[in-house]
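here is my input; please provide its structure:
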Amino acid sequence: MEMNLKGLNALVTGASRGIGRQIAIQLARSGANVIVNYNKSKKIAEQLCFDLQQKYNIKALAIQADIGNKNDVDRLVSTACSNFNKIDILVNNAGICCDMELCDRTVGCFEKTFQTNLFGVYQLTKILGAKMKENQFGKIVNVSSNNSINGFYPTTIDYDASKSALNSLTKNFAIELAPYVNVNAVAPGWIDTDMNKDVLTPDVAELEAKRILKNRIGTPEDVANLVLFLISKESDYITGQIIAVDGGMF
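Have a look, this model is predicted:
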């Protein structure tokens, strides 16, 4: 998708790999300056920033922060705002998921998952959303999951619940930040990423593909294309929506 985002500044969480990485690449390709948030993959994130700057002639900066840590989120916002005049685009992509039998889950498991997948998103969106509203412009996209719409696997009960809550948070922020800031969420199905590599073995991928109308596992590009559309001017009349990008999974 070709569009002009020149002069806009974007923050993408969990952007060193997978879906977040592809979103950062497509934003840079469209002319946006990009803040690449990462938690542990420093070298990968910094190399990505270097490559984006060289290839697309934009400004890119890698900032370490654990989105599940309140102090880290505060530092992320402070560092981002001190290096960029304003943040126009926020993509809340960072998330965690751990497969485990439902009977083995603890409250601690839920707390850890919700801290990253929901509470961190809330804190970051609250702070930057207020700045966007003050500037009378902003695009926010949350990366949810089709597990939030359809409960497929009890082994990810805490992840599913956190993403369902994220959908609700998306709609509430859309109301709070209207009319100047668009807030939407994308809900991917099976996507071929590092996060899924241990679960999505060739045999499982073949089996799961049969449940998808497009007969294939999705790619990070499939998700990034939708995110880019929701950031574009063409989506100005779309807000408060949860849009599945799962190839038609049933």
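
count of neighbours near Q54?
Using other C-beta atoms under 10 Å, Q54 has 10 other residues around it. C-beta here means a position set from N, CA and C on the backbone, and glycine is covered the same way.

spatially central residue for this protein, please.
With distances taken as C-alpha atoms, centre = their mean, the residue of the chain nearest its centroid is N93 (1.9 Å).

that residue contacts T13, doesn't it?
Yes. Counting by C-beta atoms under 8 Å, N93 touches T13, with 5.2 Å between them.

V227 versus the residue nearest to the centre of the chain, what's the distance?
8 Å (C-beta to C-beta, to the nearest Å).

what residues are shared contacts of these two?
Applying C-beta atoms under 8 Å, 6 or more residues apart in numbering, one finds that N93 and V227 are jointly contacted by I23, V143.

buried residues in stretch 71-79?
Neighbour counts over stretch 71-79 (16 or more other C-beta atoms under 10 Å) mark D72, V73, L76, V77, T79 as buried.

and the lengthiest helix in the chain, C-alpha only, in PDB?
As assigned by DSSP state H, the longest helix anywhere in the chain is helix 157-177. Extracted C-alpha coordinates of helix 157-177, given in PDB (Å, rounded to 0.1, in the frame of the first residue of the first chain):
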ATOM      1  CA  ILE A 157      -7.200 -18.300  28.500                       C
ATOM      2  CA  ASP A 158      -5.400 -15.300  30.100                       C
ATOM      3  CA  TYR A 159      -4.200 -14.100  26.700                       C
ATOM      4  CA  ASP A 160      -7.700 -14.400  25.300                       C
ATOM      5  CA  ALA A 161      -9.200 -12.500  28.200                       C
ATOM      6  CA  SER A 162      -6.500  -9.700  28.000                       C
ATOM      7  CA  LYS A 163      -7.300  -9.200  24.300                       C
ATOM      8  CA  SER A 164     -11.000  -9.100  24.900                       C
ATOM      9  CA  ALA A 165     -10.400  -6.400  27.400                       C
ATOM     10  CA  LEU A 166      -8.200  -4.600  24.900                       C
ATOM     11  CA  ASN A 167     -11.100  -4.500  22.500                       C
ATOM     12  CA  SER A 168     -13.200  -2.800  25.100                       C
ATOM     13  CA  LEU A 169     -10.400  -0.400  25.900                       C
ATOM     14  CA  THR A 170     -10.100   0.400  22.200                       C
ATOM     15  CA  LYS A 171     -13.800   1.400  22.000                       C
ATOM     16  CA  ASN A 172     -13.600   3.500  25.200                       C
ATOM     17  CA  PHE A 173     -10.600   5.400  24.100                       C
ATOM     18  CA  ALA A 174     -12.200   6.000  20.700                       C
ATOM     19  CA  ILE A 175     -15.000   7.800  22.600                       C
ATOM     20  CA  GLU A 176     -12.700   9.600  25.000                       C
ATOM     21  CA  LEU A 177     -10.400  10.900  22.200                       C
END
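
quick one: strands adjacent to the following helix or strand past that helix?
Next helix or strand after helix 157-177 toward the C-terminus (DSSP states H and E): strand 181-188. Using DSSP bridges, the strands paired with strand 181-188 are strand 138-143 (parallel), strand 242-245 (parallel).

so for strand 181-188, what's the average pLDDT?
Across strand 181-188, pLDDT averages out at 97.

what comes up buried for it?
By 16+ other C-beta under 10 Å, the buried positions in strand 181-188 come out as V181, N182, V183, N184, A185, V186, A187, P188.

same list (those) but as JSON lines, adding distance to C49.
Below are those laid out as JSON lines (distance: C-beta to C-beta, whole Å):
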{"residue": "V181", "distance to C49": "26"}
{"residue": "N182", "distance to C49": "26"}
{"residue": "V183", "distance to C49": "26"}
{"residue": "N184", "distance to C49": "26"}
{"residue": "A185", "distance to C49": "26"}
{"residue": "V186", "distance to C49": "24"}
{"residue": "A187", "distance to C49": "28"}
{"residue": "P188", "distance to C49": "24"}
